[in-house]
Each structure stands twice: as C-alpha cells, then as structure tokens.
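Q: test case, fold it:
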Amino acid sequence: MTEPVVLLPTMMCDARLFQAQITPLSRQRPVMVAPISGAERIDEIASTLLDMLPHKFALAGHSMGGIVALELLRRAPNRVTRLALMATSPFGETPQTSAAYEPLIVAARAGRLDQALKGVVPRAALAPGPGRVAVLGQFHAMAHDAGAGQFVAQLRALQRRRDQQSTLRRCKVPTTIICGAHDTITPPRRHALMAGLVPCSRLEVIEQAGHFMPLEAPDALNQILQNWLAQPYVLQDRQA
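A: Okay, the predicted model is just below:
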C-alpha cells in the first residue's frame, strides 16, 4: 500500500481546513488529519504526535502545522517519506515578533477572541474578492470551537519555537513548498528562501490564493499535492 498522508492544520483549525483535500487524496491512500494542540511547546506537540502517527508517512503542514511538520522531520527524519510545506516559515521568532503576540493573548483571555484572531490572520492576508468573507468565517468558526485556551497555548508554542533552517538543509525527501501569491503573513519571497534551503524541492505559487490556500484555491492545491505524491522517492539535486 502507498504511504499514508498526514495533514497538519494551522492554529485554531481542524480537519475542516482540509475538507476539499481529504476526499481526492483518500481515493488512493489513507489520509489522517492530526491535531497540533495540547501543549505550549512545539517539541512537546511533535513528541505526542510521533506516538500516534504511522511508522512512515507523507507529511503536509499548513502555517503552524508546517512548523510542527519541521519539528517532526527534525526528530524523526527516517519516518517522513516526503514533505509539503504550505504558507509557513522555518525561522524562529524574533524578540519583536514574539512580543507582538502578547496583546493578542490578553485579548483572547479577556473574551475578545474575534479581535485576537484578526490580529493573527487579517483580511489582507487573503486573496482579494468576495470569497474572503466566507473563508474568514470558516476560520473563525473553527477557532471558536477550539476556544481561547487553545489560542493562548498555540501562541506560546510559536513564541518558543526553534529555527529550523538547518532541518531544511538536511532534508533528503521529495519536498514541495507551496504559497499563495497574496499571502502577507508568509509571503512568496519567504517561501523562495525556504525552497533554496532544501537540496531537492519544488516551489509552487498559487496565484488565486492568500494564506488559506486549502479553502481559497482547493482545486489548484489538490493538483499540486497530487503531483507531490507522484514524485519519485529518489531525486537529483536541482543544482547537480
């Protein structure tokens, strides 16, 4: 049987983020959406996941899910058969960006979760057009189901995350880096830097999407993921 696919959603999201991807991907292989909650450190989240995930798996993470995916790769490189990183970053938080989370934590604890969510994913981070409202509505619905406690814990985990550039440099599996052209949180230039760190990788830019590409441009993302899963395990360095 082909390897299972593990999908990691971003903060405050669940399997609904990948609803449009689960059905087509599951036609040929097992698909699992794993939670990235339950701890205030990325390494603790990854350690818990490794106990529940298959022995070997293809790994795709979106935003904070991509950050957790990199920690899984760092800890268990022999278990990850291929890697897809969507709308994410390998860089650690700076003191300035870490401090910027504190007002959002205060707002969430004070019962102003919607205000805090807008600080994490502003409207401008999505592709322009009427679809923005529906996508943000889906995000906020998942976030309210998760609750303010999870929001605080996940921001704490982001504040303490390690820099994973060296993990990418050591990556030896088929890797696809995916971004939305309109993403202002993790813009295309950051993804180009990531792709440059991986010995064998592909960079895909979805022109009609912003930060929430699984919801904004599901068909385009599905095709990229299908191509990713069809890549051979043994790749030649693009610089060779």
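
Q: remind me, longest helix of the protein?
A: Longest helix of the chain, by residue count under DSSP state H: helix 131-146.

Q: elements contacting it?
A: If you count contacts as 3 or more CB pairs under 8 Å, 6 or more residues apart in numbering; DSSP states H and E, helix 131-146 packs onto helix 113-120, helix 213-216. Quick note: C-beta positions are derived from backbone N, CA and C, even for glycine.

Q: quick one: that helix to helix 113-120, angle?
A: 120 degrees (axes from the mean of the first three to the mean of the last three CA atoms, to 10 degrees).

Q: in a markdown table: the helices and strands packed on helix 131-146, plus distance to residue 42.
A: Putting those into a markdown table (distance: least, CB to CB, whole Å) gives the following:
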| stretch | distance to residue 42 |
| --- | --- |
| helix 113-120 | 16 |
| helix 213-216 | 21 |
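
Q: how about those helices in a markdown table, adding mean neighbour count and mean pLDDT?
A: Listed next are those as a markdown table, based on neighbours: other CB atoms under 10 Å; pLDDT from 0 to 100:
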| stretch | mean neighbour count | mean pLDDT |
| --- | --- | --- |
| helix 113-120 | 18 | 96 |
| helix 213-216 | 25 | 98 |
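
Q: related to what we said a few turns ago, list the buried ones in the next helix or strand after the longest helix of the chain?
A: Scanning forward in sequence from helix 131-146 by DSSP states H and E, the next helix or strand is helix 148-159. Buried positions in helix 148-159, judged by neighbour count with 16 or more other CB atoms under 10 Å: 148, 150, 151, 152, 153, 154, 155, 157, 158, 159.

Q: skipping adjacent residues, who's closest to the most centrally placed residue in the chain in space?
A: Against the mean C-alpha coordinate of the chain, by CA atoms, centre = their mean, the closest residue is residue 62 at 1.6 Å. Excluding the flanking residues, the one nearest residue 62 by CB to CB, 6 or more residues apart in numbering is residue 86, at 4.4 Å.
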